[in-house]
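Undergrad: Next come a sequence and a model predicted from it.
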Amino acid sequence: MSGINKKTKIKKKNRKLSFQVGLISLTFFLATLCISVPVLLTVIRRAYLKAKEECFDLDLKSIRNEVVLRARHTSWLFSYMREKPDDFRRTLTDEENEIRNSKEYGGELENFIRDESIDPESLSATKQLLFARDMIQQLEKDIEEKQETIDAEILILGLYKEDGVFIYMHDSPVKTENEIATVIPLIEEGHSVLDDLRNADRSDPDKTYYEMAESKGIAYYIGYLPVYFHDGSGCTICIMHDWSKYRDLTIQRLIVFIVVGIFVLLILNVMLVLLIYRKAIKPVERIKEGVVEYKDNKDAEAVSCKMGQIQSRNEIGVLADSFADMVTEVERYSRENLKLNTEKERINTELSLAKNIQSSVLPNVFPAFPERKDFELYASMNPAREVGGDFYNFFMIDDDHLCLMIADVSGKGVPAALFMMASKIILENQAMQGKSPARIVTDTNRIISANNKEMLFVTVWLGILELSTGKLTAVNAGHEPPVIMGENGSFEMYEDEHFLFVGIMEDMEYGEYELTLKPGSKLFVYTDGVPEATNGRDELFGTDRMIRALNHAVQSSPEEILQTVQQAVDDFVQEAEQFDDLTMLCVDYRGPAGK
């Protein structure tokens, strides 16, 4: 169990924003390091080579000016070396040494190498040999001095002619032979730069060539400068630097740079993480703490104070201010909502009381007249809201006359309920005076219209049933027509004469009609909430479905008939909201024989 808790703590810790930012920063740092090292190495190498080539240009041209072009007889020397290479490898004879040391040779040719007036071709064969060998020695001396000055490993001076040969004076990575005046082919395998030298453009005498070569395990970077003479011949000056030393030095410097760079980047990375923590993560944590505190304590003032401590002027600061405003607004809304809920509870209590009062006003004790055997009735009212505008009523005017009424007030809710109460009382008072149905409705319309400032109206069906004969005298003031089950044993709609709603025209005179109910007949009256009940597809229940539901219960009691119709409506409407009040009344007339 402790292991699971430990893993959970680690997992929660890993989810912290500071850890995630640090991990991303470290990953970015490592990726940058992996990419920058080879890139940096390449950049350093190229920069070194470019700098080295610039030095090569200066050194090569300096050698050309100080050594090659200063000696007028260089072209003759290279030709002589090519024609008689063995003269440079053998030991001088006593006679040749004697001539070299003689006053005549020395006096005549003192500083002969610098004397441009001497024509080597006019000298004897022995003096040409001595002249060439002394010239080589002087050239080697000049080369060695220059070599020490430029700190190069080897300096090569070679013959360049169109027939394509080199004559090497020193060992080089191009050719390992070190015998002076050795003639070799110009193009050798692995030395493509020599081919470039052979085909060099003589119109550009300052162009240099470079290559990387290796000899005896040592890497060299070599610079070449072709030098041309007026007779078509020429030479190539070559400077070689030990690349291995530079490579090792570069690696050492790169390692130092990487170590220093890692240290600097780590410091920058830490500073960046700390900056992000201070500017972003810490304010976010304060916002989180504010959320938790508000969730636990619901203290809007403390949360607003905590959010005010966040000084960020970026989006996080805006978020903190917005959160503080939101908490204040939620607090205000909660207080108002509490007031509204209190007020709503008070209104619901009052509506519940009004519903109870309305229900108590309507006759709701069944069987209504248990002592009577000549008829049976049942009525129901289901309001769409807490209180409704529909009402029904029934009462005995005298021992032989039963007054039946059903009505539907325009509108819903409390106004309709108040208007319904007034209408019911007025209708009942008029009926109890022994008036005819037409007179009852006419006088009621006059009373209501005289004080109907809100212009509400009510549809009324009112009938007086003479129980001894079954004669029904009724009036319809804009209400739904009644449904009667007669001698044929099925319910049918009775299309009676309709008059205007009650409460619209004060001087309206209403008419009545008569029909006779035979023993066993049933009368069903209702409000428009039954046929106009609507399902989720906006379809109406309609009078046809209502009559089919009635005919399914023709042999049932009035209570069972109303329950059957109510169930049919509920099955049709299903989950749809009840739109209108639904009121029904049914009378089963049994006749005098039923007494």
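TA: Arrived safely, thanks for sending. On a predicted model such as this, the values are computed, not experimentally measured, just so you know.
Undergrad: low-confidence ranges in the stretch 351-500 of the chain?
TA: 351-360, 385-388 (pLDDT under 70).
Undergrad: In it, mark out all the strands, start to finish.
TA: Secondary structure of the stretch 351-500 of the chain (DSSP state E, counting those that start in this stretch): strands located at 375-382, 390-398, 401-409, 458-466, 471-477, 483-485, 491-493, 498-499.
Undergrad: Going along the chain, name the strands of the stretch 51-200 of the chain.
TA: So, for the stretch 51-200 of the chain - with DSSP E, counting those that start in this stretch - the strands run 154-160, 165-168, 182-185.
Undergrad: Let me see the mean pLDDT of the last one.
TA: Translated: strand 182-185. Averaged across strand 182-185, pLDDT comes to 52.
Undergrad: Please apply the same query to stretch 81-100.
TA: Stretch 81-100 comes out at a mean pLDDT of 79.
Undergrad: CA atoms only for that stretch, dumped as CSV, please.
TA: Output of stretch 81-100 as CSV, limited to C-alpha atoms (Å, rounded to 0.1, in the frame of the first residue of the first chain):
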residue,chain,number,x,y,z
MET,A,81,68.5,19.4,-62.8
ARG,A,82,66.2,17.6,-65.1
GLU,A,83,68.9,16.9,-67.7
LYS,A,84,71.6,15.9,-65.3
PRO,A,85,70.0,14.7,-62.0
ASP,A,86,73.0,12.5,-61.1
ASP,A,87,75.2,15.5,-60.9
PHE,A,88,73.4,16.4,-57.6
ARG,A,89,73.8,13.0,-56.0
ARG,A,90,77.4,12.1,-56.6
THR,A,91,80.5,13.3,-54.7
LEU,A,92,82.6,16.0,-56.3
THR,A,93,86.0,14.9,-57.7
ASP,A,94,89.2,16.3,-56.4
GLU,A,95,89.6,18.3,-59.6
GLU,A,96,86.1,19.7,-59.2
ASN,A,97,86.7,20.6,-55.6
GLU,A,98,90.0,22.2,-56.6
ILE,A,99,88.2,24.4,-59.2
ARG,A,100,85.5,25.3,-56.7
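Undergrad: So which bits of it are buried?
TA: For stretch 81-100, burial by neighbour count (16 or more other CB atoms under 10 Å) applies to 81, 82, 87, 88, 96, 99, 100. To be clear about C-beta, it is placed using only N, CA and C from the backbone, and glycine gets the same treatment.
Undergrad: ditto for stretch 121-128
TA: Neighbour-count burial for stretch 121-128 [16+ other CB under 10 Å]: 123, 127, 128.
Undergrad: Tell me how many other residues crowd residue 142.
TA: Other residues near residue 142 number 19, with proximity taken as other CB atoms under 10 Å.
Undergrad: tell me the SS of the closest residue to residue 379 other than its chain neighbours?
TA: Distances taken as CB to CB, 6 or more residues apart in numbering place residue 585 nearest to residue 379, at 4.1 Å, with adjacent residues excluded. Here residue 585 is recorded as strand under DSSP: H, G, I helix; E, B strand; the rest coil.
Undergrad: Give me the distance between residue 585 and residue 461.
TA: Using CB to CB, to the nearest Å, residue 585 is found at 9 Å from residue 461.
Undergrad: Which one's more surrounded, these two?
TA: Between residue 585 and residue 461, counting by other CB under 10 Å, residue 461 is the more crowded of the two (27 against 24).
Undergrad: surely that one meets residue 407?
TA: Yes - Residue 461 is in contact with residue 407 according to CB atoms under 8 Å; the separation is 7.5 Å.
Undergrad: who touches both of these two?
TA: By the contact definition CB atoms under 8 Å, 6 or more residues apart in numbering, residue 461 and residue 407 are jointly contacted by residue 479.
Undergrad: any idea how far residue 516 is from residue 484?
TA: From residue 516 to residue 484 the distance is 10 Å (CB to CB).
Undergrad: Mind checking which of these two has more residues around it?
TA: More crowded of residue 516 and residue 484, by other CB under 10 Å: residue 484, with 20 against 12.
Undergrad: what comes up buried for the longest strand along the chain?
TA: Ranked by residue count and defined by DSSP state E, the top strand of the chain is strand 218-228. Across strand 218-228, burial judged by 16+ other CB under 10 Å covers 219, 220, 221, 222, 223, 224, 225, 226, 227.
Undergrad: same check, this time on stretch 553-571
TA: 553, 556-559, 561-566, 568-569.
Undergrad: can you check stretch 484-499 too?
TA: Buried-residue list, stretch 484-499, by 16+ other CB under 10 Å: 484, 485, 486, 491, 494, 496, 499.
Undergrad: same deal with stretch 427-440?
TA: 427, 430, 431, 435, 437, 438, 439, 440.
Undergrad: what's the burial count for the nearest residue to the fourth one once chain neighbours are set aside?
TA: Leaving aside its sequence neighbours, residue 435 sits nearest to residue 443 (CB to CB, 6+ apart; 7.0 Å). Residues contacting residue 443 under the criterion other CB under 10 Å number 17.
Undergrad: before we move on, what about residue 363?
TA: 13.
Undergrad: low-confidence ranges in the stretch 1-150 of the chain?
TA: 1-22, 48, 66-72, 103-117.
Undergrad: where exactly do the helices run in it?
TA: Applying DSSP state H, counting those that start in this stretch to the stretch 1-150 of the chain gives helices spanning 2-14, 17-63, 74-83, 94-101, 103-108, 125-150.
Undergrad: Would you format these as a markdown table with distance to residue 575 included?
TA: Compiled in a markdown table, the helices of the stretch 1-150 of the chain are given as follows (distance: least, CB to CB, whole Å):
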| stretch | distance to residue 575 |
| --- | --- |
| helix 2-14 | 44 |
| helix 17-63 | 47 |
| helix 74-83 | 113 |
| helix 94-101 | 131 |
| helix 103-108 | 133 |
| helix 125-150 | 101 |
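Undergrad: which one of these is the most hemmed in?
TA: By mean neighbour count, with neighbours taken as mean count of other CB atoms under 10 Å, helix 74-83 ranks first of the helices of the stretch 1-150 of the chain at a mean of 19.
Undergrad: counting contacts, what elements does that one pack onto?
TA: helix 125-150, strand 154-160, strand 165-168, strand 234-242 (3 or more CB pairs under 8 Å, 6 or more residues apart in numbering; DSSP states H and E).
Undergrad: Can you convert these into CSV and add a column each for distance to residue 36?
TA: Converted to CSV, the helices and strands packed on helix 74-83 look like this (distance: least, CB to CB, whole Å):
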stretch, distance to residue 36
helix 125-150, 33
strand 154-160, 36
strand 165-168, 43
strand 234-242, 27
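Undergrad: Out of those, the one nearest residue 539 is which?
TA: strand 234-242 (100.0 Å; CB to CB).
Undergrad: Assign a three-state SS to the spatially closest residue to residue 548 that is not a sequence neighbour, would you?
TA: Closest residue in space to residue 548, ignoring its immediate chain neighbours: residue 568 at 7.8 Å, by CB to CB, 6+ apart. Look at residue 568: counting by three-state DSSP, its state is helix.
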